[in-house]
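**Student:** Prediction below, plus the sequence it came from.
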Amino acid sequence: MGTAKEPIRLRKRTTPTGNVSLYLDIYLNGKRSYEYLKMYLVPEKTKADKEKNRQTLQLAEAVKAKRIVELQNGEFGFNAAYKLETNFLDYYRAMCEKRQGSTDSNGNWGNWHSCLKHLERYCKPNTTFKDITPEWIEGFREYLDKTARCRDKRKRIVTDEVSKPLSQNSKVSYFNKLRACINQAFDDRIMPHNPLRGIDGFKAGESERCYLTLEEVKAMAAAHCKYPALKNAFMFSCLTGIRKSDIEKMRWKEVQHHGEFTRIIFKQKKTGGQEYLDINPQAASYLGKRGNPDDRVFVGFKYSSYMITELRMWAIRAGITKDITFHSGRHTFAVLMLDLGAEIYTLQKLLGHKEIQTTQIYAKILDKKKQEAVSMIPNILPEETDKE
């Protein structure tokens, strides 16, 4: 007579780093689930490594024994160790609220809140974490990709006809918010296993970055602009790479003198990162006359439809037909820095990017610029003559 199959087994899986991940393989009522223990065995190169692995295995076996006891307490004994009956939308809303008014930027909280609206459309109000399966997650991914729509901000009246599909970057952002929520629930031991395993998200779309050449920046500087505050702010962005949101809120107490340089010490509105940026005299000249510490530097600059229209008209007066926005100033600074020989890691620090991948997009732009430049070389090869 054969022995009964063990309901919980300790399994091993080799990770790409060479370490071995330990997890529990749980078979209950005809269904299989996994609990990843976040414990790893390392390659045994020394006695210390062997001892560490022995202790890790011992701890993993203790967790396994604990789970078996929980399982033997009854059919629901195992699930009682977790909180699968937790309402999913309530848990997500709580994560949203933690981000509102915290160190997170308003934009990030806005993305969390927008994702909540789509989750409310996708799932039932009484959805619990018991319902959050890989199939459910795949379904939400499909919903974002094919069904979800948002308001077209170019239309003033809200009707079904003026909504539009989500942009690629919105799909990326919303799916990542769901991913963060589920990962947190797994860490909080609400779920016995992570249903995200093996599910791919969306790939971020690369939007075109419109920038000005050095000659075009000079043309903008020489051309008339109806609003001096707009001209000062935009030229300042072209020469420093500082975002519109940070220029709008800039106070004189953030502008300090350090030797020959003027230093801007500020906290990025978008990322919350503390920045120390030295600027050159040309950029400093657009700051104007120093005011009181709490006074705004760019008085009269508040981005609006009037400013957007004037920026385009100002560009046209400068002989520029590109569809530029205020953010083109930041792009212009980045491309100019690389074109003048700045290293990519230096540019990353100047722009305040957290990830080098974000900065590397500008290197791709510069490659295109170089390709355009070499294409300008005139034909120097002799013309072929027809043989008679």
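**Tutor:** Arrived safely.
**Student:** host element of Leu338?
**Tutor:** Element membership of Leu338, judged by DSSP states H and E, is helix 328-339.
**Student:** average model confidence for that helix?
**Tutor:** Computed over helix 328-339, the mean pLDDT rounds to 92.
**Student:** Put the alpha carbons of stretch 322-338 into CSV.
**Tutor:** Below are the C-alpha coordinates for stretch 322-338, written out as CSV (Å, rounded to 0.1, in the frame of the first residue of the first chain):
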residue,chain,number,x,y,z
LYS,A,322,8.7,72.8,-35.0
ASP,A,323,5.8,72.0,-32.8
ILE,A,324,7.6,73.0,-29.6
THR,A,325,6.2,72.9,-26.0
PHE,A,326,7.7,74.3,-22.9
HIS,A,327,9.2,70.9,-22.1
SER,A,328,11.2,71.3,-25.4
GLY,A,329,13.5,73.5,-23.4
ARG,A,330,14.5,70.6,-21.2
HIS,A,331,15.0,68.4,-24.2
THR,A,332,17.1,71.1,-25.9
PHE,A,333,19.4,71.4,-22.9
ALA,A,334,19.9,67.6,-22.8
VAL,A,335,20.8,67.3,-26.5
LEU,A,336,23.0,70.4,-26.4
MET,A,337,25.0,69.0,-23.5
LEU,A,338,25.6,65.6,-25.2
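**Student:** Could you give me the buried positions within the helix or strand hosting Ala65?
**Tutor:** Here Ala65 sits within helix 47-72, counting by DSSP H and E. Within helix 47-72, the residues that count as buried by 16 or more other C-beta atoms under 10 Å are Asn53, Thr56, Ala60, Val63, Lys64, Arg67, Ile68, Glu70, Leu71. Glycine gets a C-beta too; all of them are placed from N, C-alpha and C.
**Student:** Let me know the next secondary structure element after the helix holding Leu338.
**Tutor:** helix 344-351.
**Student:** all strands of the stretch 101-250 of the chain, in order?
**Tutor:** In order along the chain, the stretch 101-250 of the chain carries the following strands (DSSP state E, counting those that start in this stretch): 149-151, 163-165.
**Student:** helices or strands next to the last one in the packing?
**Tutor:** Which is strand 163-165. Other elements packing on strand 163-165 under the criterion 3 or more C-beta pairs under 8 Å, 6 or more residues apart in numbering; DSSP states H and E are strand 149-151.
**Student:** Mind giving me the packing neighbours of the strand it packs on?
**Tutor:** Contact partners of strand 149-151 among helices and strands, from 3+ C-beta pairs under 8 Å, 6+ apart: strand 163-165.
**Student:** What residues does the residue nearest the centre of the chain make contact with?
**Tutor:** Closest to where the C-alpha atoms of the chain average out (C-alpha atoms, centre = their mean) is Ser173, at 7.1 Å. Remark: with contacts taken as C-beta atoms under 8 Å, 6 or more residues apart in numbering, Ser173 is in contact with Asn111, Cys115.
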